[in-house]
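Novice: Provided below are the primary sequence and the corresponding predicted coordinates.
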Amino acid sequence: MENLFVNMASGMRSLLASAGLPDTATDFILMFLKLGAILVYILISALWLVYMERKVSAYMQCRIGPNRVGPLGLLQTTADIGKLISKEIIIPRCADKKLFLLGPILIFMPPLAVFAVAPFGKDMVAIDMNIGVYYFLAVASLSTVIVWMSGWASNNKYSLIGGMRVVAQMVSYEMPLILSIVGVIILTGTLNMSEIIRAQENVWFIFLQPLGFLIYLIAGVAETNRAPFDLVEGESEIICGPFTEYSGMGFAMFFLAEYANVVLVSVMATTLFLGGWHAPFGLTFIPSWIWFLLKVYVMIFLFMWFRWTYPRVRVDQLMEFGWKVLVPLSIANIFVTGIGKYLYQTIRW
Amino acid sequence: MENIYSYIAFVLLSGMILGSALLVVTLKNLVHSVLWLIVAFIGVAGIFLLLNADFVAAVQVLVYAGAVCIMIVFGVMLVQRIDMANSNPVNRRFKIAAPVVGGLFIVIGLLTARAQWVAAGKEVPTQTVQNLAPILLQDFVIPFEVAAILLTVALTGALVLVKEVKSNGDRS
């Protein structure tokens, strides 16, 4: 079980090699298969997370939630997507047609590109990039532009206001997000995700960096535009923000991309703070990739818990909290971590 | 360019950069120009990757392509036109500017082609990120800190200017 996926990859490699393919072609096909597997996982995961969200919200509000389509309502979201695909995509007359249609096409690109460096288990990383964490931050920052572009291209005041809010919120909360990760990087001295996980073999960084984890969690909720920071698509204020004019599958793409981003932020939290695929309490008989996914889904549940517990903040509260609380705290965290590491190295107790 | 694949990649990326850069200059709509600028920046990041400079490529994406959205917002807020369709006009001096720029480009190209390039004697390091911290925080710490202070002063200055306008508006 432990090496299920690793053995599958090596079996595929020997099969291709025995078919007489050159090494570069084998590598290419294997890489393609690995990335394809991640793609399928993310898309299916996004689909089921909508179901999970509805179930979690229902139980928190003493309801039952979806329970008609399939066993326990498990096929509800599949039916929803089927309905959305069959709907007409309405393009507003004054919209910028090309950009309007490009938005939903591109919105999945940044999260999917980042998942290529995510370590899903022991020796289970598609591309073991030397600057993995930095790559995550760089590529994830591109989704701001895509959401803004869709909002602007819709040519609707609510969409434009929503797009502006996306830029303001993302830029403000990207700062504490990046700065909270710096503490972990100081401790490990590397940007490689596999090595960061390897450094957490004895103690997870959530215990060494509790403040960093807290800041990352809050900034992560804000980056994924979820309640209590869902000002971008606050229904009671600006209908649906940048996605107001989208219908059918165009809307569904944005909707599913939100869940892909939630998975992404949870995967990064697991990698950086929760010990990645390391088993707690020496429970190593459970395979590493199951541990990793378990931690990721605990994080996702936490995000859903936040959403159905806290009310939405105001715009000025959002900005003040980001710049006056989170940024100074994360800088203080870096300072304390640096001094702590220096003391640890000089005393060596 | 050691093999044919990287040569093909270089040609494709160069075409992408030049094509999108041309569109940035010629398109009438400011928003379209800025979005093509992002494509050009990502192309430059691709060239960096081709040269095995992965850290610089990531910086290129984060700092340039990612931060461009702030530029668009300022563009939309500051452009004094109701319609964005004609916000990036091409003026009539185009006919004078084109030959001058073209001539300059040809001169630079000729000089570059004739120059005697000295290849670096040392082996290129495979990991470049680790060397950054000692360089920035030990060898060149004073210029680094001076630059940081300069940026902080500029930021504070901008804040002070904005506050001034606001309080004046309140008084009147």
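Specialist: Now that the structure is in, tell me what you want to look at. What you see is a predicted model; the values in this text were computed from it and never measured. Numbering: from 1, shown residues only, chains lettered A, B, ... in the order given.

Novice: per-residue pLDDT of the most centrally placed residue in chain B, please?
Specialist: A centroid search over chain B (CA atoms, centre = their mean) returns B:Tyr64, at 5.8 Å, as the residue closest to the centre. On pLDDT, B:Tyr64 comes in at 83.

Novice: so what's it closest to, chain neighbours aside?
Specialist: B:Phe41 (4.3 Å; CB to CB, 6 or more residues apart in numbering or on different chains). The way it works is simple: take the backbone N, C-alpha and C, and place the C-beta from them, glycine included.

Novice: quick check, that neighbour in a strand?
Specialist: No - using DSSP: H, G, I helix; E, B strand; the rest coil, the assignment for B:Phe41 is helix, not a strand.

Novice: list the contacts for it?
Specialist: Contact partners of B:Phe41, counting by CB atoms under 8 Å, 6 or more residues apart in numbering or on different chains, are B:60-61, B:64-65, B:68.

Novice: for those residues, give me a markdown table that also has secondary structure.
Specialist: Putting the contacts of B:Phe41 into a markdown table (three-state DSSP) gives the following:
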| residue | secondary structure |
| --- | --- |
| B:Gln60 | helix |
| B:Val61 | helix |
| B:Tyr64 | helix |
| B:Ala65 | helix |
| B:Val68 | helix |
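
Novice: with distance to A:Met299 added, can I get those in JSON lines?
Specialist: As requested, these are exported to JSON lines (distance: CB to CB, whole Å):
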{"residue": "B:Gln60", "distance to A:Met299": "30"}
{"residue": "B:Val61", "distance to A:Met299": "26"}
{"residue": "B:Tyr64", "distance to A:Met299": "31"}
{"residue": "B:Ala65", "distance to A:Met299": "28"}
{"residue": "B:Val68", "distance to A:Met299": "31"}
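
Novice: between those, which is closest to A:Gly234?
Specialist: B:Val68 (25.7 Å; CB to CB).

Novice: residues touching B:Arg114, list them.
Specialist: Contacts of B:Arg114 (CB under 8 Å, 6+ apart): none.

Novice: please read the previous query as pertaining to A:Arg312.
Specialist: A:227-231, A:234.

Novice: rewinding a little: for the residue nearest to the centre of chain B, give its distance to B:Tyr5.
Specialist: Distance, B:Tyr64 to B:Tyr5, by CB to CB, to the nearest Å: 26 Å.

Novice: for A:Phe32, see how far away A:Leu283 is.
Specialist: 34 Å.

Novice: which element is the residue positioned nearest the centre of chain A on?
Specialist: The residue lying closest to the centre of chain A (CA atoms, centre = their mean) is A:Leu264, at 1.9 Å. Using DSSP states H and E, A:Leu264 sits in helix A:248-272.

Novice: ok, B:Ala57 next?
Specialist: helix B:54-59.

Novice: now A:Leu318
Specialist: Going by DSSP H and E, A:Leu318 is in helix A:315-320.

Novice: starting at the chain centroid, how far to the following helix or strand past that helix?
Specialist: Sequence-wise, the next helix or strand downstream of helix A:315-320 (DSSP H and E) is helix A:327-347. Chain-centre distance of helix A:327-347: 27 Å, with CA atoms, centre = their mean, to the nearest Å.

Novice: show me which positions of the helix or strand in which A:Phe303 is found end up buried.
Specialist: A:Phe303 belongs to helix A:288-307 when assigned by DSSP H and E. Residues of helix A:288-307 classed as buried: A:288-289, A:291-293, A:295-297, A:299-300, A:303-304, A:306-307 (neighbour count, 16 or more other CB atoms under 10 Å in any protein chain shown).

Novice: mean confidence score for that helix?
Specialist: In the prediction, helix A:288-307 has an average pLDDT of 88.

Novice: name the helices or strands packed onto it?
Specialist: Under the contact definition 3 or more CB pairs under 8 Å, 6 or more residues apart in numbering or on different chains; DSSP states H and E, helix A:288-307 sits against helix A:23-60, helix A:210-223, helix A:248-272.

Novice: export these to JSON lines and append columns for distance to chain B and mean pLDDT.
Specialist: As requested, the helices and strands packed on helix A:288-307 are arranged in JSON lines below (distance: least, CB to the nearest CB, whole Å; pLDDT from 0 to 100):
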{"stretch": "helix A:23-60", "distance to chain B": "9", "mean pLDDT": "85"}
{"stretch": "helix A:210-223", "distance to chain B": "13", "mean pLDDT": "90"}
{"stretch": "helix A:248-272", "distance to chain B": "15", "mean pLDDT": "87"}
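
Novice: so which of those helices comes closest to A:Pro110?
Specialist: When those are compared by CB to CB, helix A:248-272 sits nearest A:Pro110, at 8.5 Å.

Novice: which parts of that closest one are buried?
Specialist: Neighbour-count burial for helix A:248-272 [16+ other CB under 10 Å]: A:248-272.

Novice: and for stretch B:62-69?
Specialist: For stretch B:62-69, by 16+ other CB under 10 Å, it's B:62, B:64-66, B:68-69.
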